[in-house]
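Participant: Give me coordinates for this.
(one chain, ligands or ions: 1)
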Amino acid sequence: MMAPVQILGVAKCVPEKIVTNVDLESLVDTSDEWISKRTGIKTRHVAVEETAIGIAASAARDALAMSGIPAEEIGVIVACTITGEELTPSLAGRVQKALNISNCAAMDVSAGCTGFLYALITAASLMETLHKDAAIVVASELMSKYTDWTDRSTCVLFGDGAGALVLKRSEIAHLLYPILDATPDVDDVIVVKKEERATPFSGPVDDKKEYIRMKGADVFTYAVGVLEGTLRRLAEQCGEKPYTKIVPHQANEKIIDFVVRSMRMSREQFFVNIANYANTSSASIPIALCDAWESGWLNAGDRVALVGFGSGLTSGGAVIDWTIPNKNETK
Ligand code: UT7
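Facilitator: Numbers count the residues shown, from 1 in each chain. Predicted coordinates:
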């Protein structure tokens, strides 16, 4: 069971360097026109000096400062990444260290691009189980480190970034209707293999570094199915108080356009910022929430549906009753 929580802080951190579609034309046989038309992507942020830990800590720090919650009140940190620089300690442990939080539960979850929804629902559930009053949920991805920059079918699609939310126990639940699902990826439609290592007991290993490998059309079909299915399930759960806005995982604008058409929804209900960031995997939903709020698109009183989907094959959804006032009103 999840604790009744309210979102009190939201922040993002993206690497400074911006790589345009035109920049990619000199790396692979592609064009700004192809990328824009097929995906909606225009630019992406790419790490030069930044680390997944560094941008996660920065987003978490800013979200915590915004929440006004003292660091010592944080009882749970749940982080997600598929592209972190360390296998252990966890990214959550590194964020805990960076924020100087002396004692809390800290762990990572791994669920591909759905990672943030898994982390959010895990954090609210741990708050209930462990009787904690506040949590940080943070997603951070350096997709550029696992991108094959010679493969035009994938290198144009991804970007780097981090986003974080701070949850506080509240009288009434503002995080509602959790959905987490997974279906076996029988055809390996999205896989990132780890580099194999020889041991004194193993045979020879393939020392080729492995990158993101994706069967794009199959992922597209999966994505539109779960985006539509999850939105319908959330609509049923909401009953007479429907969600009016949607912040979906930003994988490809065409996925969103497809679902808008098939569900006969208004495109204006969907927040889309993929043009500026490309697909930042698990970080895309918190980055989008942050931009949605900063731009004034998301306001206190809005009921917003979140939907994620990704490797695994995983999917997830939840509804948030947003309470943070418009940025201009909070100053
Ligand atoms: O977070 C979840 C992870 N990923 C996704 O959600 C991605 C889901 N899938 C997609 O978004 C789309 O399938 C892609 C954007 C990946 C691909 O779009 P598509 O319309 O399905 O293109 P395609 O793979 O069918 O390729 C069409 C053509 C091919 O050329 P031929 O065989 O028709 O001559 C590709 O080689 O486009 C070619 N192509 C490119 N051309 C220029 C593939 N990538 C590029 C490129 N620039 N970057």
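Participant: Get me the contact residues on the stretch 201-331 of the chain for the ligand.
Facilitator: Near the ligand, the residues belonging to the stretch 201-331 of the chain are 214, 216-217, 219-220, 223, 251-252, 279, 310 when assessed by CB under 6 Å from any ligand atom. Every residue, glycine included, has its C-beta placed from N, CA and C.
Participant: Once you drop chain neighbours, what's closest to the closest residue to the ligand within the stretch 101-250 of the chain?
Facilitator: Closest to the ligand within the stretch 101-250 of the chain is residue 216: 2.9 Å, counting by CB to the nearest ligand atom. Excluding the flanking residues, the one nearest residue 216 by CB to CB, 6 or more residues apart in numbering is residue 153, at 6.3 Å.
Participant: tell me which element that neighbour falls in.
Facilitator: Per DSSP states H and E: residue 153 is located in helix 152-155.
Participant: Show me what secondary structure element comes after that helix.
Facilitator: From helix 152-155, the next helix or strand downstream (DSSP H and E) is strand 160-169.
Participant: avg pLDDT for that next one?
Facilitator: Averaged across strand 160-169, pLDDT comes to 98.
Participant: quick one on the thing from earlier: including neighbour count, secondary structure and distance to residue 117, could the residues of the stretch 201-331 of the chain next to the ligand go into CSV?
Facilitator: CSV is the format used below for these (neighbours: other CB atoms under 10 Å; DSSP: H, G, I helix; E, B strand; the rest coil; distance: CB to CB, whole Å):
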residue, neighbour count, secondary structure, distance to residue 117
214, 19, strand, 20
216, 15, helix, 22
217, 9, helix, 24
219, 21, helix, 17
220, 16, helix, 20
223, 25, helix, 14
251, 25, coil, 14
252, 22, coil, 18
279, 23, strand, 15
310, 28, strand, 10
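Participant: residue ranges of the helices in the chain, please?
Facilitator: 21-25, 32-39, 52-67, 91-98, 115-130, 152-155, 216-238, 253-262, 274-277, 284-294, 327-330 (DSSP state H).
Participant: Mind putting those helices into TSV with mean pLDDT?
Facilitator: As requested, the helices of the chain are exported to TSV (pLDDT from 0 to 100):
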stretch	mean pLDDT
helix 21-25	98
helix 32-39	98
helix 52-67	98
helix 91-98	98
helix 115-130	98
helix 152-155	96
helix 216-238	97
helix 253-262	97
helix 274-277	98
helix 284-294	98
helix 327-330	63
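Participant: Go through these and name the closest to residue 107.
Facilitator: Counting by CB to CB, residue 107 lies closest to helix 91-98 out of those; the figure is 5.4 Å.
Participant: What are the buried residues along that closest one?
Facilitator: By 16 or more other CB atoms under 10 Å, the buried positions in helix 91-98 come out as 91-96.
Participant: Pick out whichever of these sits closest to the ligand.
Facilitator: Closest to the ligand out of these is residue 91 (19.1 Å), distances taken as CB to the nearest ligand atom.
Participant: give the contact list for the residue nearest to residue 98 when sequence neighbours are not counted.
Facilitator: Leaving aside its chain neighbours, residue 98 sits nearest to residue 57 (3.6 Å; criterion: CB to CB, 6+ apart). Residue 57 sits next to 94-95, 98-99 when contact means CB atoms under 8 Å, 6 or more residues apart in numbering.
Participant: With residue 160 instead?
Facilitator: For residue 160, the contact set (CB under 8 Å, 6+ apart) comprises 14-15, 44-47, 50, 55, 141-144, 280.
Participant: What does the pLDDT read for residue 326?
Facilitator: pLDDT, residue 326: 82.
Participant: And for residue 139?
Facilitator: The model reports residue 139 with a pLDDT of 98.
Participant: Can you give me every residue that contacts it?
Facilitator: Contacts of residue 139 (CB under 8 Å, 6+ apart): 56, 79-81, 115-116, 119, 162-164, 281-283, 285-286.
Participant: So which of the residues you listed wins on neighbours?
Facilitator: residue 283 (36 neighbours; other CB atoms under 10 Å).
Participant: Just confirm it contacts residue 158, I think it does.
Facilitator: No: using CB atoms under 8 Å, residue 283 is not in contact with residue 158, being 10.8 Å away.
Participant: these two touch, right, residue 125 and residue 2?
Facilitator: Yes: counting by CB under 8 Å, residue 2 is a contact partner of residue 125 at 5.2 Å.
Participant: can you list the domains in the chain?
Facilitator: Annotated domains of the chain cover 5-172, 177-185+215-324 [automatic domain parsing].
Participant: closest one to residue 200 among these?
Facilitator: Once the domains of the chain are compared by CB to CB, domain 5-172 is nearest, at 20.5 Å.
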